[in-house]
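In: pasting a predicted model and its sequence here:
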Amino acid sequence: MTKQSEPLSISEQLAGDYQSVFRNKNLIEPETIVNEDRIVGRDEQLHLIINTLKPALHNEHPEDMLLRGPSGTGKTLCAGTVANKTMEIGRQRDIQIEYIEVNGKHKKSEHEAVHQIAHSLEVNLDLEQTSKRGVSTSSRYDRIFEIVNDHLSLAIITLDELDLLVGDTRSKDETPAFSDVLYNLTRSKRIGDMDGTISLIATTNSPKSLMDGLNSRTASTFNPSEISFDDYNAYELTEILDHRRDAFRDGTLEEGVIELVAAVSAQGEGDARFAIDLLRESGNIVNRLEEDAISEQHVEQARSEVEKNYVQDIIQKVSHQKQVSLLSTALVAIHGGRVLDQEPMLRSNRVPSNVGYTLYRWIQDQTSSEMRSKHSYLRWMRELSTYEVIENNRRGRGNEQGMFSEYTFPHLDPESVVRIITKGDKVLSEVIQEGDIIKSIVESNLNEFAS
């Protein structure tokens, strides 16, 4: 009888051989700025950005820019690629140009955003770094202006996803944080004794939200050139992925994998970032399984995980009003399960819009927040359905009682949606603790709607 071999220890397993499908994984990481020969389908946009930044190389101040379009359409990639090339040529001509990027999604306040700008300039220029604490926001702006004036001809600052920089502590009656950031940074143009200047590149998925959020003084100083970015189609996505095929070792991408990833991504939002993430996660799965090549089956396995991550990211990025609309709908699904399962008029796990809106009104009343119309609620939910956060189906009530929408959660369960929205939001976290009251409101309204 053969003696069964002892299982390898953790140390032995960690020290063992490792075979990866990746040759250069950095090419398919989300924050990588690739060379211009890997940028596909953006010739027009690149040309406009080039012509806007070109004056910096001829002792003229470039105009500010607003790059608008859906997520994953190359806004930040194009801005970063052209800005970095501008910086390189500037150094060759002894023109001091620096490029930095700040993402509004990751900043909770004006102070945090301005600190990152000052800190990035200090690091890039090897200057003494000032403390994050104990320094006022106005002093941060002064530090930025000091650095630009003393060390640079031009600072190119990309404010990515700027409309998301609202400011966590600001009330609905206060100007969003991004308006103050834009106003104060554009002030540099009016400071007569400054030798250097600042050029802003703002990117947004929601240009209306951004421009509507500007107060009058900011609107008078921030007059950007607008450049539009459209969704990619399947052909363009295939070409984008083909240009990053060398992220993988030879023979590790089976035939049809890139085409499948492109087709899946094109069916959604035409999002190149999603396509790249899906291809990378497919490779991660193959590595974890210790297999040799990425197949279409691995793409399907990766798709669910990437979609969940994208839905979570979208929920975190949308406006507060949309979050409350989604929260109320998820709470109906959670607390109304018994009625949804039993009432013949209703369907399991499908939330009627009328009841979702009723709970939305209750939440806004409890938090003393602005109450918007049912029309707004329905519009926001339609927008969330286009992002595939929810599914929106139209149904008739019968007996000529009209149509209504009903919502389901295809990727994240309602409990996960509630956790994402309420995490870090003390007010909404307290509201959802009123479980008995919410259950009572939901069940009574579902019964009334079904009657």
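Out: Thanks, I have it.

In: other SSEs contacting the longest helix seen in the chain?
Out: Taking DSSP state H as the criterion, the chain has its longest helix at helix 296-317. Helix 296-317 is packed against helix 257-267, helix 272-289, helix 414-422, with contacts defined by 3 or more CB pairs under 8 Å, 6 or more residues apart in numbering; DSSP states H and E. (C-beta placed from N, C-alpha, C; glycine too.)

In: and that helix, what's its mean pLDDT?
Out: Across helix 296-317, pLDDT averages out at 89.

In: please identify the buried residues of the helix or strand residue 203 falls within?
Out: Assigned by DSSP states H and E, residue 203 falls within strand 197-204. Counting neighbours by 16 or more other CB atoms under 10 Å, one finds that the buried residues in strand 197-204 are 197, 198, 199, 200, 201, 202, 203, 204.

In: other SSEs contacting it?
Out: Looks like strand 197-204 contacts strand 65-68, helix 75-92, helix 137-151, strand 154-160, helix 177-186 (3+ CB pairs under 8 Å, 6+ apart).

In: if we use 6 Å, what do you get?
Out: With contacts taken as 3 or more CB pairs under 6 Å, 6 or more residues apart in numbering; DSSP states H and E, strand 197-204 sits against strand 65-68, helix 75-92, strand 154-160.

In: paired strands for it, with orientation please.
Out: strand 65-68 (parallel), strand 154-160 (parallel) (DSSP bridges).

In: could you dump those to TSV with distance to residue 119 and mean neighbour count?
Out: As requested, the strands paired with strand 197-204 are exported to TSV (distance: least, CB to CB, whole Å; neighbours: other CB atoms under 10 Å):
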stretch	distance to residue 119	mean neighbour count
strand 65-68	23	23
strand 154-160	13	24
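
In: among the ones you listed, which comes closest to residue 243?
Out: strand 65-68 (21.1 Å; CB to CB).

In: avg pLDDT for the closest one?
Out: Averaging pLDDT along strand 65-68 gives 95.

In: run the chain-centre distance for stretch 150-157.
Out: Here stretch 150-157 is found 28 Å from its chain centre; the criterion is CA atoms, centre = their mean, to the nearest Å.

In: give me the contacts around that stretch.
Out: With CB atoms under 6 Å, 6 or more residues apart in numbering as the test, stretch 150-157 has contacts from 56, 83, 95-100, 125, 148, 196-200.

In: residue 233: which of these is nearest?
Out: Residue 233 has its nearest neighbour among the contacts of stretch 150-157 in residue 83, at 26.8 Å by CB to CB.

In: tally of neighbours for that closest one?
Out: By other CB atoms under 10 Å, 24 other residues sit near residue 83.

In: ok, it touching residue 99?
Out: Yes: with contact defined as CB atoms under 6 Å, residue 83 reaches residue 99; the gap is 4.1 Å.

In: show me where pLDDT drops low in this structure?
Out: 1-4, 168-173, 189-193, 269, 397-401 (pLDDT under 70).

In: please parse it into its domains.
Out: Per the record, the chain has its domains at 42-228, 232-313, 318-450, by automatic domain parsing.

In: shouldn't residue 201 be in contact with residue 64?
Out: No: here residue 201 does not reach residue 64: they are 7.3 Å apart, not a contact under CB under 6 Å.

In: coming back round to it: so which of the helices and strands packed on helix 296-317 is nearest residue 237?
Out: Ranking those by proximity to residue 237 (CB to CB) places helix 257-267 first, at 3.8 Å.

In: give me the angle between that closest one and helix 296-317.
Out: If you take axes from the mean of the first three to the mean of the last three CA atoms, to 10 degrees, helix 257-267 sits at 30 degrees to helix 296-317.

In: tell me which other helices or strands helix 257-267 touches.
Out: helix 234-242, helix 272-289, helix 296-317.

In: how close does the residue nearest to residue 312 when sequence neighbours are not counted sit to residue 314?
Out: Spatial nearest neighbour of residue 312, chain neighbours left out: residue 420 (5.7 Å); criterion: CB to CB, 6 or more residues apart in numbering. Using CB to CB, to the nearest Å, residue 420 is found at 10 Å from residue 314.

In: any idea how far residue 159 is from residue 296?
Out: To residue 296, residue 159 is 39 Å away according to CB to CB.

In: kindly report the same for residue 418.
Out: Counting by CB to CB, the separation of residue 418 from residue 296 is 35 Å.

In: looking at the two, which is more packed in?
Out: Set side by side, residue 418 and residue 296 show more neighbours around residue 418, with 20 against 15, by other CB under 10 Å.

In: which element is the residue nearest to that one when sequence neighbours are not counted on?
Out: In this structure, residue 418 finds its nearest non-sequential neighbour in residue 330, 5.2 Å apart by CB to CB, 6+ apart. For residue 330, the element it lies in under DSSP H and E is helix 320-335.
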